[in-house]
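K.L.:
With the input below, show me the fold.
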Amino acid sequence: MVRAVKDYAFLALAIFAGWYAMTTFFPGKPDLPDQAPSLALEDLEGLPHDLAELRGRPVVINFWATWCPPCVQEIPGFAAFSRSHPDIAVLGVALESGTTAELRAAASKLGIPYPVLVGDRATKSAWDIGTLPTTVFIGPDGRVLGSVVGGMSQERLAAELEKVLAADDAD
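P.N.:
Numbering: from 1, shown residues only. Predicted coordinates for the structure are as follows:
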């Protein structure tokens, strides 16, 4: 009887460890509807930004945090991409990144040229963001075209966007 309890406890621990490893090291993409969820947030200067106002343009939304090394590492690529693709709106949505003043200092230090919006738990929940960084691609019609979980180089960002826009054109 005692051995059976130990075996079940070990099995339960092994299942939990496997689940934890899978969700930590192999995160899933966000489960998003066809049409992008609402995104109406303030930037670091307190100015409102609304995703709905960007209809007609492709949009790249990068969910990131100041404490996330892969997030910080990919920002130069996003910055260069946004400068070289002015027809594509790039938005950075900062999650769990401290006060607005702390976030403003980090964005300045990182040289982010695109709007940095201050996200919250509701934003994280509405967009099903479980892992940072996560990047979501939105078509000109507001449809979610794809997403990538994990850090990206400028080259991969451009390739992913080209791929999702080509798939959108084929529809």
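K.L.:
what sits up against whichever strand or helix holds E74?
P.N.:
According to DSSP states H and E, E74 maps onto helix 69-84. Contacts to helix 69-84, defined as Cβ atoms under 8 Å, 6 or more residues apart in numbering, come from residues 60, 62, 64-66, 88, 90, 92, 110-114, 132-133, 150-155, 157-158. Using the backbone N, CA and C atoms, a C-beta is placed for each residue, glycine as well.
K.L.:
and these, which of them are in helices?
P.N.:
Judged by DSSP state H, helices contain the following of the contacts of helix 69-84: L110, Q154, E155, L157, A158.
K.L.:
Tell me, domain by domain, which residues of the protein belong where.
P.N.:
Annotated domains of the chain cover 1-28, 31-170 [automatic domain parsing].
K.L.:
Most tightly packed of the ones you listed?
P.N.:
Highest mean neighbour count among these (mean count of other Cβ atoms under 10 Å): domain 31-170, with a mean of 17.
K.L.:
And the average pLDDT for that one is what?
P.N.:
Across domain 31-170, the average pLDDT comes to 93.
K.L.:
Run the chain-centre distance for it.
P.N.:
For domain 31-170, the separation from the chain centroid amounts to 6 Å (computed by Cα atoms, centre = their mean, to the nearest Å).
K.L.:
In this model L44 seems to touch R104, though I could be wrong.
P.N.:
Yes. Between R104 and L44 there is a contact at 4.6 Å, judged by Cβ atoms under 8 Å.
K.L.:
K29 against S147, yeah?
P.N.:
Yes. K29 is in contact with S147 according to Cβ under 8 Å; the separation is 5.0 Å.
K.L.:
Quick check: neighbours shared by those two?
P.N.:
With contacts defined as Cβ under 8 Å, 6+ apart, the residues shared by K29 and S147 are T134.
K.L.:
which residues in the protein form strands?
P.N.:
Taking DSSP state E as the criterion, the chain carries its strands at 40-42, 48-50, 59-64, 89-94, 116-118, 134-138, 144-149.
K.L.:
Compare the ones you listed and give me the one nearest D34.
P.N.:
Nearest to D34 among the strands of the chain is strand 144-149 (6.4 Å), distances taken as Cβ to Cβ.
K.L.:
Quick one: list the elements packing against the closest one.
P.N.:
Judged by 3 or more Cβ pairs under 8 Å, 6 or more residues apart in numbering; DSSP states H and E, the packing partners of strand 144-149 are strand 134-138, helix 154-170.
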